[in-house]
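J.: coordinates only, no sequence provided:
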């Protein structure tokens, strides 16, 4: 094991908190909330974490979220993630949450946000990890539904820094959500969007031109458009790449096929993240370790990726400079 993967100070910028639900915690919460799971054991649940594409993953992801019922559940989920990544020297994290996954089940927005926020506050004090929260709209639902969620988010403006877009990408282009993103920016939220994972480079352009994003989540298909690559290099618009996720969801057949090293060599602002680590076989440290081994990254390239993670964050310039000196 190359310890650099785990000891480098780093920030994680593409992490779905619901995707950190390990089978052990899933069973614990199911028991606490008297919920029946379709698995007879932790081992059976882990075996079910095999996917052929994004949709097959999302099906089990939404099923797992059913065990999250109370503010304490969301607190426990978030704090478990923080504990894990503190051991991998994550110094800052910007986490996504999907309120619609929960409000559609009758769980209040307040229950979700307060559980997550309180755990992050504890993590700041006890683990020395700073954090931000980004709300993601589910793109397979309508923009009307996104607006309903956005109205609820305004009540918690002090706890949420940004608005994002996730879930089933193909057939749900960023343009579908232009109006709600316009409103979000007017209200002072930063914007990000998943684009160019399974969707075409055109989805990345839409995220840039219509949603005015500060970062592209994934973005690995940008190499199919030379003009887009040139734009990303010149603007240094960050890409939050998730290598183990891309492998697990068959975006690339093998890690050796992954284009992360090429993106880095082309001078793009690439960052490494874990996406949904409980489902994809590794947290941020394992992602760093796998790409170094499989893509033969130099230590210098590893340092660049870690540096990029702080530069691409929503921290103030002063906070970035402080972390970059570590």
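T.: That came through fine. Just so we're clear, the structure is a prediction, and the values are computed from it rather than from any experiment. Residues are numbered from 1 along each chain as shown.

J.: packing partners for the host helix or strand of residue 24?
T.: Residue 24 is part of helix 23-32 when elements are defined by DSSP states H and E. In terms of contacts (3 or more CB pairs under 8 Å, 6 or more residues apart in numbering; DSSP states H and E), helix 23-32 is packed against helix 42-47, helix 71-86. The C-beta positions use only the backbone N, C-alpha and C, and glycine is treated the same way.

J.: to residue 60, which of those helices lies closest?
T.: Smallest distance to residue 60 across the helices and strands packed on helix 23-32 (CB to CB): 8.9 Å, for helix 42-47.

J.: now that closest one: buried residues?
T.: For helix 42-47, a neighbour-count test (16 or more other CB atoms under 10 Å) marks 45, 46 as buried.

J.: tell me the average confidence for it?
T.: Helix 42-47 comes out with an average pLDDT of 88.

J.: so which elements touch that helix?
T.: Checking 3+ CB pairs under 8 Å, 6+ apart, helix 42-47 ends up next to helix 23-32.

J.: relative to helix 71-86, how tilted is the helix it packs on?
T.: Relative orientation of helix 23-32 and helix 71-86, computed by axes from the mean of the first three to the mean of the last three CA atoms, to 10 degrees: 170 degrees.

J.: chain center to helix 23-32: distance?
T.: Here helix 23-32 shows a centroid-to-chain-centroid distance of 22 Å under the convention CA atoms, centre = their mean, to the nearest Å.

J.: one more: stretch 44-63?
T.: On CA atoms, centre = their mean, the centre of stretch 44-63 falls 17 Å from that of its chain.

J.: stretch 264-281 too?
T.: Chain-centre distance of stretch 264-281: 9 Å, with CA atoms, centre = their mean.

J.: one more: stretch 38-55?
T.: With CA atoms, centre = their mean, you get 20 Å for stretch 38-55.

J.: got it, and stretch 296-311?
T.: Using CA atoms, centre = their mean, the offset of stretch 296-311 from its chain centre is 19 Å.

J.: which one of the helices and strands packed on helix 23-32 is the most hemmed in?
T.: helix 71-86 (a mean of 20; mean count of other CB atoms under 10 Å).

J.: which neighbouring elements make contact with it?
T.: Secondary elements touching helix 71-86 (3+ CB pairs under 8 Å, 6+ apart): helix 23-32, strand 90-97, helix 109-127.

J.: could you point out the helix or strand that follows the shortest one?
T.: Toward the C-terminus, strand 90-97 is succeeded by helix 99-103 as the next helix or strand (DSSP H and E).

J.: got the buried residues for that following helix?
T.: Neighbour-count burial for helix 99-103 [16+ other CB under 10 Å]: 99, 100, 101, 102, 103.

J.: in CSV: those residues, plus pLDDT and distance to residue 268.
T.: As requested, the buried residues of helix 99-103 are exported to CSV (pLDDT from 0 to 100; distance: CB to CB, whole Å):
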residue, pLDDT, distance to residue 268
99, 98, 31
100, 97, 31
101, 96, 31
102, 97, 34
103, 97, 36
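
J.: from these, pick the one nearest residue 312.
T.: Out of the buried residues of helix 99-103, the member with the shortest distance to residue 312 (by CB to CB) is residue 99, at 24.2 Å.

J.: which parts of the helix or strand bottoming out on mean pLDDT in the chain are buried?
T.: The helix or strand of the chain with the poorest confidence is helix 54-64; it has a mean of 85 (mean pLDDT, DSSP states H and E). For helix 54-64, burial by neighbour count (16+ other CB under 10 Å) applies to 54, 57, 58, 60, 61, 62, 64.
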